[in-house]
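>>> Sequence first, predicted model second:
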Amino acid sequence: DLVLCGACPNRSLEVRRDERFQSLLRHLEQREAKELDDIQTVLDELTRSIRDELDGQPAQLSLFDADERDQYMRNVNALQARLAQIPQELEAEQTAIRRRYVGPQARMFPISVTYLVPERMAR
């Protein structure tokens, strides 16, 4: 005869849930750190490439006609504006990433499978 302990099955499920949750929590922390590092790397590279472009100004701007000079200056102004936006964008992206990983919760959905077998077949 099988005797079921009322608290035992649930306790073992809770222990397993907690172990699994801790494992997944470590994984989520690693993933969050990677995403934060990735966005930092991408925006640092963008900053570097914009600065390189701005530092490589043509030596003979006076050789351009008026339309070309105007277009060049619009391009430079746009790059400078974009460069100025990057720190705020980085902060916003990092905040969004951190918000996605806040407060994970362990959930448990225990199920039970019951087999009904006629008594004559159980022996």
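Arrived safely, thanks for sending.
>>> pLDDT (mean, whole number) over the helix or strand that L36 is a member of?
Assessed by DSSP states H and E, L36 sits inside helix 8-55. Helix 8-55 shows a mean pLDDT of 92.
>>> following that helix, which helix or strand shows up next?
The C-terminal neighbour of helix 8-55 among helices and strands, as given by DSSP H and E, is helix 66-100.
>>> That next one vs helix 8-55, what angle?
If you take axes from the mean of the first three to the mean of the last three Cα atoms, to 10 degrees, helix 66-100 sits at 160 degrees to helix 8-55.
>>> Quick one: distance of helix 66-100 to the chain centre.
Mean-position distance between helix 66-100 and its chain equals 22 Å (Cα atoms, centre = their mean, to the nearest Å).
>>> same question, stretch 12-29
20 Å.
>>> With stretch 40-58 instead?
24 Å.
>>> how many neighbours does T114 have?
Residues lying near T114 (other Cβ atoms under 10 Å) number 4. No exception for glycine: its C-beta is placed from N, CA and C like everyone else's.
>>> now swap in I111 and tell me
I111, neighbours per other Cβ under 10 Å, totals 4.
>>> what's the answer for the one 10 residues further on, then?
M121 is flanked by 6 other residues according to other Cβ under 10 Å.
>>> tell me the SS of it?
helix (DSSP: H, G, I helix; E, B strand; the rest coil).
>>> Quickly note the distance from it to R31.
Noted for M121: a distance of 50 Å to R31, by Cβ to Cβ, to the nearest Å.
>>> residues contacting L43?
86, 89-90, 93 (Cβ atoms under 8 Å, 6 or more residues apart in numbering).
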